[in-house]
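Visitor: starting from these lines, generate the structure:
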Amino acid sequence: MFKNATVLKSSEGKIIGGVETLTDLSEALAREAVISDLRQELGAKDGFQSMGGKSPAMQKIYELITSIAESDIPVIIYGESGTGKELVANALHNLSDRKKGPFVKVNCAALNESLLESELFGHVKGAFTGAIKTRIGRFEAAHTGDIFLTEATAV
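Guide: Numbering: from 1, shown residues only. As a prediction, the model looks like this:
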């Protein structure tokens, strides 16, 4: 059970009552246990970096990922939505020398066009209206690690 309570006050600040809610978390905990079991099953030793598939074609992809991860070249991963581009990017990061650094994921489609540059490259305090403090960009945040830009389309 999860309990939440709050005091109700009048406009003069006088306590006039209270509200308490109780939430049964047993269903949520049961779902979390199922999800945890499935995650363990998917991450079993017969998989490759959280990817399933044992076919010869998939084995070639795993070899390619392992080979690419040994280099420092930028990589473009193409594919339809839902084909596992993020899994490939995660695998490349985890197998590379940069695995101790951060893995920064950026959904470019979710970034406001007017703030895109600031989000990616950062800004200093006062650089524009609303820039109340200096902020590092996503590229700088990914320093020593990797950055994964998704939904990056040419304009």
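Visitor: what are the ranges of the strands in this protein?
Guide: Counting by DSSP state E, the chain has strands at residues 2-9, 15-23, 103-107, 122-123, 135-136, 146-150.
Visitor: now those in TSV, with mean pLDDT?
Guide: Formatted as TSV, the strands of the chain follow (pLDDT from 0 to 100):
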stretch	mean pLDDT
strand 2-9	83
strand 15-23	87
strand 103-107	93
strand 122-123	88
strand 135-136	90
strand 146-150	92
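Visitor: and those: which comes nearest residue 67?
Guide: Taking C-beta to C-beta, strand 146-150 is the member of those nearest to residue 67, at 16.5 Å. Where C-beta positions appear, they are placed from N, C-alpha and C, glycine not excepted.
Visitor: would you mark the buried spots in that closest one?
Guide: 146, 147, 148 (16 or more other C-beta atoms under 10 Å).
Visitor: picking up where we left off before, would TSV of the strands of the chain with distance to residue 96 be doable?
Guide: Compiled in TSV, the strands of the chain are given as follows (distance: least, C-beta to C-beta, whole Å):
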stretch	distance to residue 96
strand 2-9	41
strand 15-23	43
strand 103-107	10
strand 122-123	24
strand 135-136	22
strand 146-150	7
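Visitor: relative to residue 60, which of these is closest?
Guide: Comparing these under C-beta to C-beta, the one sitting nearest is strand 146-150, at 22.4 Å.
Visitor: great, nothing more from me.
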